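Visitor: pasting the structure only:
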């Protein structure tokens with residue numbers, strides 16, 4: 001079964017500074033290998049990339065199509081990141097090596113207006129299977 005990977009906790013002062021000083025947005029913390037999402041000024045959500053089981057792109061029509069990335073993890077609420085979040089482009093570039101295929105997130109935008117689409121970009125392989 002193997003030993004589970006214990007995620008590294010990010011330093012407390014860094015977490016508080018992000019909550020109080022930095023703006024809303026998303027980024028990948030390479031030191032702790034965590035996705036850091038700040039959907040509101042005092043709200044920060046962290047998710048270790050080792051816990052992610054599937055990455056999905058989907059769209060919602062809110063006056064225009066907006067694409068979201070959904071990071072699924074067993075036993076946790078799905079982390080949802082919008083293409084309109086500050087730092088989104090750099091975030092996707094930083095995660096290309098961690099989740100191969102994430103750079104194809106634009107495929108979730110349908111060619112037909114007002115049509116919902118969801119595309120699996122990456123799935124954690126079961127032991128003994130190649131990653132996909």
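Guide: Structure's in. What do you need? Just so it is clear, the model here is predicted, and its values are computed rather than measured. Numbering: from 1, shown residues only.

Visitor: so how far does stretch 89-107 reach from one end to the other?
Guide: End-to-end span of stretch 89-107 (C-alpha to C-alpha, to the nearest Å): 15 Å.

Visitor: and the helices in the protein?
Guide: 12-20, 88-94 (DSSP state H).

Visitor: looking at the ones you listed, which one has the lowest mean pLDDT?
Guide: By mean pLDDT, the lowest-scoring of the helices of the chain turns out to be helix 12-20, with a mean of 61.

Visitor: most centrally placed residue in this structure?
Guide: Nearest to the mean C-alpha position of the chain, by C-alpha atoms, centre = their mean, lies residue 71 at 4.9 Å.

Visitor: next up, the contacts around it.
Guide: By C-beta atoms under 8 Å, 6 or more residues apart in numbering, residue 71 lies in contact with 35, 47, 52, 54-55, 78-81. In short, each C-beta sits where N, CA and C put it, glycine included.

Visitor: count the neighbours of the closest residue in space to residue 46 that isn't next to it in sequence for me.
Guide: In space, and not counting its chain neighbours, residue 46 is closest to residue 34: 4.7 Å by C-beta to C-beta, 6 or more residues apart in numbering. For residue 34, the neighbour count with other C-beta atoms under 10 Å is 21.
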